[in-house]
Structure formats: C-alpha cells, structure tokens
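> below are the sequence and a predicted model for it; my questions follow.
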Amino acid sequence: MDETTRTVTPARAAEELELKREEFRLAVRMGLIRTAPVQDPGRDQGREGTAPDRGGSRGRPPERRPVERAELDRLKTAPDFPDGLRERVRAVGAGEAAALLSVSPGRFARLARTGHLSPVRFHLNRYRSVIWLYVAAEVTAFGAEHPALLTGRLPSEVRAREADGEDLRARNWRSRHLALLLRAADDPWARAAAVASLLDPVQVAEVVDDPYERGHLARLRPAPPPGFPVAGAAREVADRLVRADDPDEILWHRVSLALALDEARAARQAPRPGERPRPVAPGGAGPVRTKPAGAEPPEGPEPRPPARSRPARGARPPGRPPITGRPGLLDRLRRSFPGRTGGGGGWADRRDWG
C-alpha cells in the first residue's frame, strides 16, 4: 500500500480479491477491475524528446497499475463476492469448454473456428501448438442462447465456411485484444500505438510517413499480453498471431490507424529530437497552454522557438578564458599524426595523407 493509503499494489489487490495472478490480470484486461492511471517519473519527467507515459506504454501495462481502495470496496461489497468475480474471469481450454456445452471437442472446435466463440487468451505448449482459452461464463451463455448449434447437424453456412478452411480464432482474439488495449489507453497517441501494434511494420510505414511519428508510436507500443513468449521459435509464432493477416482486416486497421493519428495530431504533435514535451491536460485533451493575465491570444500558428545557433569552430564558450598555456590533448594528437603540413589549419587542411 502506498503512503496515502488510497491505492494498493496489484499483488495486494489480487490477494484482497482472492484472485490468482492470472485471474487478476484477466479481470483488469476485461475491464472488471478498474486500475488507477499512473505516470512513471523516471520515464517521462525531466527528459527531452519523450512523451508522458499515460499507462499505455510498454513500461506500465494496465494489470501492473495500482488499484484504488474505493474500487476494492466496490468489488468486495458485491453479493456474489468472491465466487462471482472468480467465475467471471475463469478461463478454460477447448476440452473443458466442450464439457460445459455437453458437446464433443470436435464440434466445439468447429464452432470456434467459424467465429461463434472468441478466445480471451492463448499460450503455446512445448510443441509450439497454440492453446486457445475461453471465458467459462461466455461459453455457458453461448450455449443458453444458441441451443440449436449444440445438437444435430450444423447449418449449411457453417459447414461451407469450415470446408473453405476458415479459422477466425486468431482474428477474433486480436479484435478483443485491441478493444482491451483501447479501453486501458487514456491518451490519443497511446490509442494510435495500440492500433499500430496489430499491423506489420511495412503497413505502419505506409500509413505513417513521418519517421518521428513512427518512432513515437514504437515507444508507446503496448506491452505484449501476459504469457507472451520472449524469444525463439515460439516468439515468432506468437508474433504472427498478434498481427493482422487477412486483407480486409489489414485494411480495417489501416483506416483505424489513420483516424487515430488525426485525433492524436489534433491533441499534440509527436516530439522531435531535442524538444521538451508540453504538459498534457487530463484525459489527453492536448497540451496545456498558459498565457499572462490579460494577454490576447496570438493570431496564426504558434511560433516555434528559434533554433540554437552553433558556435563557430574554435570559439570558446562564453565566460571561459582562452587556453594560453600547454596545448590541449586534441592539439597534441593532431600534431602527432604523420602528414601534418602546417599549424592552425585544422583537419580539412591536410592534403598529403596517403
């Protein structure tokens, strides 16, 4: 618990809510537990060329933010606590999900591949096979709403899509994953970075032609989902699952990225090298502009600060006396090189090297 006792750490919150670590992470990602937005002082304060960490950056995923005490009290006063909360975040594999629906694993796989159920998580086993996980409560609700799909022959449309090799599990997971990222991001640039994380870098470069904006999106790229492989062949398989691969899905995310960029640019421009970021108004509404009392707003675009003039070669910084004694190390090194033809000419005056 922090010094103000208003928020608790994620580990303490999971303990008080009687949730396992993975259950707590999933509850936060699903929006069942609201976390407090926090900035990382070591990341965005006093450093030039970086934007504030609004919680959507790689350094602070939503499940690692603190939880307010009022949020814990709200969840603990629910009439079905703690069993109800734990059941809403219980994730099951295909075999257990099929048992919940009283269908065969093969039939459940056909329903999942044709998009009737959306996975909430995935992991890779030691053979690098993808294991999809589903929310148990959603599986049970699907069975209650679509009993006709659980018995008898599947509709012809479903059978035709299955015969064409359709598998929407990865696409449905990406759609759900993006919705969770956008829910956790409270800054327009972080939302644009969330959309860009589902596209190949080549696709991002075609939409975002400004290299500074691409670099800013890369710095704000959301952290991988929990349990994501860190390296090796398993990481390559997971990377393919995260990125859109269907042409219409790619087009949809490209358009979404362009719209998100328009919103982010309207709030503030991506930082350039050497620029100090302006403070951002709460809620990501844009940079805060202050002016003296009674001053009229300037007309036209805001003037940019004048560029720093570079001192002439050989000039001394102001206030520092010139060197009058023994020559410095750089001068001694220059004189020691063969081919030095004269004094005071600098590097450009040596014409007899080689």
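Thanks, I have the structure now.
> dump the residue contacts of residue 79.
Counting by Cβ atoms under 8 Å, 6 or more residues apart in numbering, residue 79 touches no other residue. C-betas here are computed from N, CA, C, even on glycine.
> for it, grab phi and psi.
Phi and psi for residue 79, reported as degrees, to the nearest 10, are phi -70, psi -20.
> where in this protein is pLDDT low?
Along the chain, segments meeting pLDDT under 70 span 1-5, 38-60, 275-354.
> repeat that for 80
The model of the chain has pLDDT under 80 over residues 1-5, 37-63, 226-231, 273-354.
> for it, longest helix please?
The longest helix of the chain (DSSP state H) is helix 247-267.
> quick one: the residue nearest to residue 109 when sequence neighbours are not counted and residue 73, what's the gap?
Residue nearest to residue 109 in three dimensions, not counting chain neighbours: residue 94, with 6.1 Å by Cβ to Cβ, 6 or more residues apart in numbering. Distance, residue 94 to residue 73, using Cβ to Cβ, to the nearest Å: 37 Å.
> coming back round to it: surely the residue nearest to residue 109 and residue 108 touch.
Yes - judged on Cβ atoms under 8 Å, residue 94 makes contact with residue 108 at a distance of 5.8 Å.
> just to check, residue 36 is in contact with residue 8?
No - using Cβ under 8 Å, residue 36 is not in contact with residue 8; the gap is 9.8 Å.
> tell me which of these two has more neighbours.
A direct count of neighbours by other Cβ atoms under 10 Å for residue 36 and residue 8 places residue 8 higher, at 20 against 14.
> all strands for the stretch 1-150 of the chain, in order.
With strands called from DSSP state E, counting those that start in this stretch, the stretch 1-150 of the chain shows them at 7-8, 67-68, 91-92, 121-124, 130-135.
> okay, those strands in CSV with distance to residue 251 next?
Listed next are the strands of the stretch 1-150 of the chain as CSV, based on distance: least, Cβ to Cβ, whole Å:
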stretch, distance to residue 251
strand 7-8, 41
strand 67-68, 38
strand 91-92, 31
strand 121-124, 24
strand 130-135, 25
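> which one of those strands lies nearest to residue 209?
For these, the distance to residue 209 is smallest for strand 121-124, at 33.3 Å, taking Cβ to Cβ.
> hang on, the earlier thing: compare residue 94 and residue 108 (neighbour count), which wins?
The neighbour count for residue 94 versus residue 108, taken as other Cβ under 10 Å, is higher for residue 108 (23 against 20).
> that one and residue 139, how far apart?
Relative to residue 139, and taking Cβ to Cβ, residue 108 is found at 9 Å.
> anything in contact with each of these two?
Common neighbours of residue 108 and residue 139 (Cβ under 8 Å, 6+ apart) are 97, 101, 117.
> so who does the second one touch?
Applying Cβ under 8 Å, 6+ apart, we find residue 101 in contact with 108, 139, 140, 142, 143, 150.
> please pick the buried ones from those.
Buried subset of the contacts of residue 101 (neighbour count, 16 or more other Cβ atoms under 10 Å): 108, 139, 142, 143.
> which residue sits closest to the last one, ignoring its sequence neighbours?
By the measure of Cβ to Cβ, 6+ apart, the closest residue to residue 143 outside its immediate chain neighbours is residue 101, 4.5 Å from it.
> how close does that neighbour get to residue 263?
To residue 263, residue 101 is 41 Å away according to Cβ to Cβ.
> and what of residue 32?
27 Å.
> who has more neighbours, those two?
Taking other Cβ under 10 Å, residue 32 and residue 263 do not tie; residue 32 has more neighbours (16 against 13).
> and that one, how far is that from residue 25?
11 Å.
> kindly report the same for residue 109.
Per Cβ to Cβ, residue 109 is found 26 Å from residue 25.
> higher neighbour count, the two?
residue 25 (23 against 19).
> the buried ones among the contacts of residue 101 in helices, which ones?
108, 139, 142, 143.
> TSV for those, including distance to residue 85?
Listed next are those as TSV, based on distance: Cβ to Cβ, whole Å:
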residue	distance to residue 85
108	26
139	17
142	21
143	22
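> tell me where the stretch 151-300 of the chain has helices.
Remark: helices assigned in the stretch 151-300 of the chain by DSSP state H, counting those that start in this stretch are 156-163, 169-184, 188-196, 201-207, 211-219, 232-242, 247-267.
> next, format these as CSV and append distance to residue 124.
Listed next are the helices of the stretch 151-300 of the chain as CSV, based on distance: least, Cβ to Cβ, whole Å:
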stretch, distance to residue 124
helix 156-163, 24
helix 169-184, 13
helix 188-196, 23
helix 201-207, 23
helix 211-219, 25
helix 232-242, 5
helix 247-267, 22
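> nearest residue to residue 135 in space, please, no chain neighbours.
Once flanking residues are discounted, residue 135 sits nearest to residue 120: 5.1 Å by Cβ to Cβ, 6+ apart.
> residues contacting the one you found?
By Cβ under 8 Å, 6+ apart, residue 120 lies in contact with 26, 30, 91, 133, 134, 135, 138, 173, 176.
> dihedrals phi and psi, it?
As for residue 120, its main-chain torsions (degrees, to the nearest 10) stand at phi -110, psi -20.
> quick one: it and residue 68, what's the gap?
Residue 120 is 25 Å from residue 68, by Cβ to Cβ.
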